[in-house]
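> Please find the sequence and the predicted model below.
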Amino acid sequence: MVREAAGILMPRTASPARSEPLPVRLALLGLGFLFLLLVVVLPLVAVFTQAFEKGIRAYLGALSQPETWAAIKLTLLTAVVAVPLNTVFGVTAAWTLTKYRFPGRSILLTLIDLPFTVSPVISGLIFVLLFGTRGIFGSWLDAHGYKIVFATPGIVLATIFVTFPFVAREILPALQAAGNASEEAALTLGAGGWRILFRVTLPKIKWALIYGVILCNARAMGEFGAVSVVSGHIRGVTNTVPLQVEILYNEYDFVGAFAVASLLTLLALVTLIIKKVVEHRQARLVEGRNR
């Protein structure tokens, strides 16, 4: 079959995926589903199976332990501090990088990506070398009664470091795609900087911002490596939820370990659902603009 476009006869080509023989397509689909089954589905099923192995009462009893509650509260506190700070930093950095050209712009972009390239364990070790008892600022901090490492501030700082790229990296492409026309029009009409930010810029990138905050929050609650280095593993004091899972598992309390791990698994599932909703809204928004 042929079709006429702009006076030129163009052959209608089949989709590359549909041009493959049926056995090849079925084999590829089967391989993909098998991989997802082994890597994603079975581990999720194993977590909840082990968590409820001794019944709902044992599950709730494991979650109601004082040390577990302390870990949950510390994890929530860390996320409540780290996520808003990273949101403010992400919006500020993305705004600066897209609206201005200045010396050192490429350096700032590189620094934003730094936590993606540095091992979380190394980042935790950096904070120990800076704020530990024998660190660069350790003597001064001890003399003035401040405790950073092996305390809540160190956990918050380590979490902020490993999560700060997420918001900035999500909204950078959205700001670049949106352009400056709306802001320039608002400025011409007499709007100030803050009014432009909250009434013009942020509404344009709200879905990308929400997506970045979701990813930042999920990483903050699930961070293990950097937090493990700076926490000191003080039970009931500096253990977050991932560290509590490790301690319970090492003590052969498998029901308790998997019960606490199920909380992080539920967080991952909720994050995935919200992520798909945000992506769907973004796709509808783009489709509406292209019409």
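Right, received. Where do you want to start? Residues are numbered from 1 along each chain as shown.
> pLDDT of the helix or strand where Leu26 lies, averaged?
Under the criterion of DSSP states H and E, Leu26 resides in helix 22-36. Mean pLDDT, helix 22-36: 87.
> again, but for stretch 231-240
88.
> And stretch 175-193, by the same measure?
80.
> change the start of the numbering to 9 and stick with it
I'll keep to 9 as the first residue from here, and by that count the last item is stretch 183-201.
> what's the span of it, first residue to last?
16 Å (CA to CA, to the nearest Å).
> contact partners of it?
102-103, 106-107, 203-204, 207-209, 212-213 (CB atoms under 8 Å, 6 or more residues apart in numbering). The way it works is simple: take the backbone N, C-alpha and C, and place the C-beta from them, glycine included.
> how about the strands in the chain?
Per DSSP state E, the chain carries strands over the ranges 10-13, 16-19.
> where does the chain dip in pLDDT?
9-27, 290, 293-299 (pLDDT under 70).
> List the buried residues of the longest helix belonging to it.
Scanning the chain for the helix with the most residues, using DSSP state H, yields helix 262-298. Under the neighbour-count criterion of 16 or more other CB atoms under 10 Å, helix 262-298 has 263-273, 275, 279, 282, 286, 290 buried.
> related to what we said a few turns ago, how far is the helix holding Leu34 from where the chain is centred?
Distance of helix 30-44 from the chain centroid (CA atoms, centre = their mean, to the nearest Å) equals 30 Å.
> count of residues packed around the residue nearest to Arg203 when sequence neighbours are not counted?
Nearest residue to Arg203, sequence neighbours excluded (CB to CB, 6 or more residues apart in numbering): Ala194, at 7.4 Å. Residues near Ala194, counting by other CB atoms under 10 Å, number 18.
> could you say what helices and strands the longest helix of the chain packs with?
Where contact means 3 or more CB pairs under 8 Å, 6 or more residues apart in numbering; DSSP states H and E, helix 262-298 is packed against helix 50-59, helix 64-71, helix 74-107, helix 214-230, helix 249-258.
> contact partners of the last one?
By CB under 8 Å, 6+ apart, the residues outside helix 249-258 that reach it are 70, 75-76, 79-80, 83, 229-232, 235-236, 239, 241, 243, 247, 262, 264-265, 268-269, 271-272.
> how many other residues sit next to Val55?
Using other CB under 10 Å, Val55 is surrounded by 18 other residues.
> Surely it and Phe266 touch.
Yes. In terms of CB atoms under 8 Å, Val55 counts as a neighbour of Phe266; the distance is 5.6 Å.
> Enumerate every residue touching the nearest residue to Lys62 once chain neighbours are set aside.
Spatial nearest neighbour of Lys62, chain neighbours left out: Val263 (5.3 Å); criterion: CB to CB, 6+ apart. By CB under 8 Å, 6+ apart, the contact set of Val263 is 58-59, 61-62, 66-67, 70.
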